[in-house]
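Peer 1: Predicted model and sequence follow; I will ask about them next.
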Amino acid sequence: MKILGIIAEYNPFHKGHEYQIKKAKEISGADYIIAIMSGNYVQRGAPAIFDKSIRTKMALNAGIDAVFEIPALFSTASANDFAGYGISLLKILGADFISFGAENDNYKLLDTVAKVLTDKEQELAVKKHMEAGLNYAKARHNAILEELKESKEDINEIENILASPNNILAIEYLKSIRINNVAIKPVIIGRSGSGYHEKEIEENKFSSATAIRKLVSESNSDIFIESIKTAIPEVNIDLIEKSRPVFDDDFLFTVQRSILDKLSKGEDLSAYCDVSKELANTVEKNILELENKSYSDFILKLKSKNFTYTRISRAIFHLLLNHKKNMLEDIKSEKNMAAYPLFLGFKKEASELLSELKKRSELPIVSKISNAKDILSPVSLKIFEDNIYADFLYNSIYFEKYGEKLCNPYRRNVVMV
């Protein structure tokens with residue numbers, strides 16, 4: 001049996017994802033495809049637009065055979081840790097292939113950059129540029145170009161590769177495969193359609209998740225229904241029409257209260273993931289003076305040349321969800337960086353796949369939440385309980401907005417289609 005894995009957010013699932021699944025299966029000859037999917041929070045530092053059970057069902061409806069969760073600690077992490085967790089979990093589950101998208105599907109060039117980043121000297125070069133006043137992304141960019149300037153590679157093409165968010169994740173996947181010596185074959189699918197940050201739905205192109213989220217936020221009856229049909233697989237149209245979205249703005253005052261509570265207790269904000277001393281000071285100085293109309297206003301008020309919007313947003317959600325740096329280091333020091341394979345859903349006809357995964361998996365697969373405390377290590381159990389808290393928080397925001405309850409995280413059933 002050949003198993004292909006995809007690390008994804010499906011925020012939400014769209015036709016570009018459906019294309020990737022079909023193309024990856026065709027190229028690899030895989031019998032089954034599993035998704036390692038972000039739960040209720042995503043990597044840019046934000047809540048997922050729809051609850052993870054809804055997004056799991058969307059994925060299963062459109063070609064995925066089984067879905068496992070990336071817990072909030074890693075789903076909101078930097079590209080390095082997000083990719084590292086996903087690769088680690090695919091290794092644990094015994095996947096044969098990994099497929100991911102890239103703006104540039106030139107495997108040789110992508111792997112060349114990944115190889116540079118695995119070099120310990122590269123870490124020192126990045127640190128040197130950061131000490132000169134550059135943020136991490138720009139410092140890494142300059143360090144890579146310096147390393148490759150004497151090579152035979154096309155520097156202009158390397159520049160283009162480094163400018164794309166999709167390529168950055170692709171490089172991190174390849175780097176993680178190298179660092180962890182994982183026997184998994186990459187299947188790279190070139191992006192076809194709208195750009196990663198494109199905010200408008202475009203006919204005859206695969207629309208970006210950004211554009212779809214914008215459409216959902218501005219939804220108005222007939223226009224919404226006609227536009228969404230061009231972006232979402234037909235099998236999921238009814239599901240997305242009936243589902244109620246959650247956005248960054250819905251978390252604004254909960255975020256502010258959480259930070260104020262920590263400051264009132266004298267906590268050191270820099271103990272939390274992605275929060276430097278400088279950013280901690282900026283938050284503390286501005287938190288009482290903010291007059292926010294939106295979550296983006298909140299982040300922009302904190303923004304400086306040293307921190308990108310996404311870096312700040314990730315840091316803010318780490319503060320909200322109580323993700324401390326020592327938690328991250330504890331689980332990264334374990335034999336398996338992936339804390340546990342938490343099963344979110346599967347296709348009924350994929351029973352053969354489930355049997356195979358149970359044989360291959362290096363860790364027990366968690367399908368019943370109530371069993372977790374009996375099968376997880378102490379460090380993994382802490383990550384698990386942290387994720388349950390994050391789910392309860394998501395559910396409470398949803399209830400405040402709509403007056404309806406999502407499923408209790410302890411009673412959530414595995415999704416079957």
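Peer 2: Received it, and whenever you're ready, just let me know what you need.
Peer 1: So, low pLDDT: which residues of the stretch 1-150 of the chain?
Peer 2: Within the stretch 1-150 of the chain, the segments meeting pLDDT under 70 span 120-124.
Peer 1: ok, which stretches of it are strands?
Peer 2: Secondary structure of the stretch 1-150 of the chain (DSSP state E, counting those that start in this stretch): strands at 3-8, 32-38, 41-42, 46-47, 66-70, 97-102.
Peer 1: Can you tell me the strand partners of the first one and which way each runs?
Peer 2: Strand 3-8 has the following strand partners under DSSP bridges: strand 32-38 (parallel), strand 97-102 (parallel).
Peer 1: what's the angle from the longest one to strand 66-70?
Peer 2: Relative orientation of strand 32-38 versus strand 66-70 (axes from the mean of the first three to the mean of the last three CA atoms, to 10 degrees): 20 degrees.
Peer 1: For strand 32-38, which outside residues touch it?
Peer 2: Strand 32-38 is contacted from outside by 1-11, 21, 24-25, 48, 52, 55-56, 59, 63-70, 75, 86, 89-90, 93, 95, 344, 350, 353, 357, using CB atoms under 8 Å, 6 or more residues apart in numbering. (Each C-beta comes from the backbone N, C-alpha and C, glycine too.)
Peer 1: Now with 6 Å, please.
Peer 2: Strand 32-38 has contacts (CB atoms under 6 Å, 6 or more residues apart in numbering) with 3-10, 21, 59, 64-68, 70, 75, 86, 89, 353.
Peer 1: if we can go back for a sec, out of the strands paired with strand 3-8, deepest packed?
Peer 2: Sort the strands paired with strand 3-8 by mean neighbour count, taking mean count of other CB atoms under 10 Å, and strand 32-38 sits at the top with a mean of 25.
Peer 1: Report the backbone C-alpha coordinates of that strand in PDB.
Peer 2: Only the C-alpha atoms of strand 32-38 are listed here, as PDB (Å, rounded to 0.1, in the frame of the first residue of the first chain):
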ATOM      1  CA  TYR A  32      -4.600   6.600  -0.200                       C
ATOM      2  CA  ILE A  33      -4.100  10.200   0.800                       C
ATOM      3  CA  ILE A  34      -4.000  11.400   4.400                       C
ATOM      4  CA  ALA A  35      -4.200  15.000   5.500                       C
ATOM      5  CA  ILE A  36      -2.300  16.400   8.500                       C
ATOM      6  CA  MET A  37      -4.600  19.400   9.100                       C
ATOM      7  CA  SER A  38      -4.500  22.400  11.400                       C
END
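Peer 1: And it, how far out from the chain middle?
Peer 2: Computed by CA atoms, centre = their mean, to the nearest Å, the chain-centroid distance of strand 32-38 equals 12 Å.
Peer 1: ok so, going back, please type out the PyMOL selection for whichever of the contacts of strand 32-38 turn out to be buried.
Peer 2: Here is the PyMOL selection string for the buried members of those, based on 16 or more other CB atoms under 10 Å:
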select buried, resi 3+4+5+6+7+8+9+10+21+59+64+65+66+67+68+70+75+86+89+353
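Peer 1: Strands along the stretch 251-400 of the chain, start to end?
Peer 2: 343-346.
Peer 1: any low-confidence regions in it?
Peer 2: For the stretch 251-400 of the chain, the stretches flagged by pLDDT under 70 are 290-292.
Peer 1: What ranges does it have for its helices?
Peer 2: In the stretch 251-400 of the chain, the helices defined using DSSP state H, counting those that start in this stretch lie at 252-264, 277-286, 295-302, 309-320, 325-332, 351-360, 372-375, 378-402.
Peer 1: Give me the residues contacting the shortest one.
Peer 2: Identification of contacts with helix 372-375 by CB under 6 Å, 6+ apart yields 364, 366, 384.
Peer 1: picking that back up, could I get the strands paired with strand 3-8 as JSON lines with distance to residue 400?
Peer 2: Putting the strands paired with strand 3-8 into JSON lines (distance: least, CB to CB, whole Å) gives the following:
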{"stretch": "strand 32-38", "distance to residue 400": "22"}
{"stretch": "strand 97-102", "distance to residue 400": "35"}
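Peer 1: Now do the helices in the stretch 101-250 of the chain.
Peer 2: Under DSSP H, counting those that start in this stretch, the stretch 101-250 of the chain gives helices at 107-117, 120-131, 136-148, 155-162, 165-179, 209-217, 221-229, 237-242.
Peer 1: before we move on, the earlier item: comparing the helices of the stretch 251-400 of the chain, which comes out most buried?
Peer 2: Among the helices of the stretch 251-400 of the chain, the stretch with the highest mean neighbour count (mean count of other CB under 10 Å) is helix 309-320, at a mean of 23.
Peer 1: ok and that helix relative to helix 252-264, angle-wise?
Peer 2: Interaxial angle of helix 309-320 relative to helix 252-264 (the same axes, to 10 degrees): 60 degrees.
Peer 1: hang on, isn't residue 75 packed against residue 41?
Peer 2: Yes - Residue 75 lies in contact with residue 41 (CB atoms under 6 Å); the separation is 5.3 Å.
Peer 1: closest one to residue 243 among the strands of the stretch 1-150 of the chain?
Peer 2: strand 46-47 (13.7 Å; CB to CB).
Peer 1: Paired strands for the closest one, with orientation please.
Peer 2: Using DSSP bridges, strand 46-47 pairs in its sheet with strand 41-42 (antiparallel).
Peer 1: Run the chain-centre distance for the strand it pairs with.
Peer 2: For strand 41-42, the distance to the chain centre is 6 Å (CA atoms, centre = their mean).
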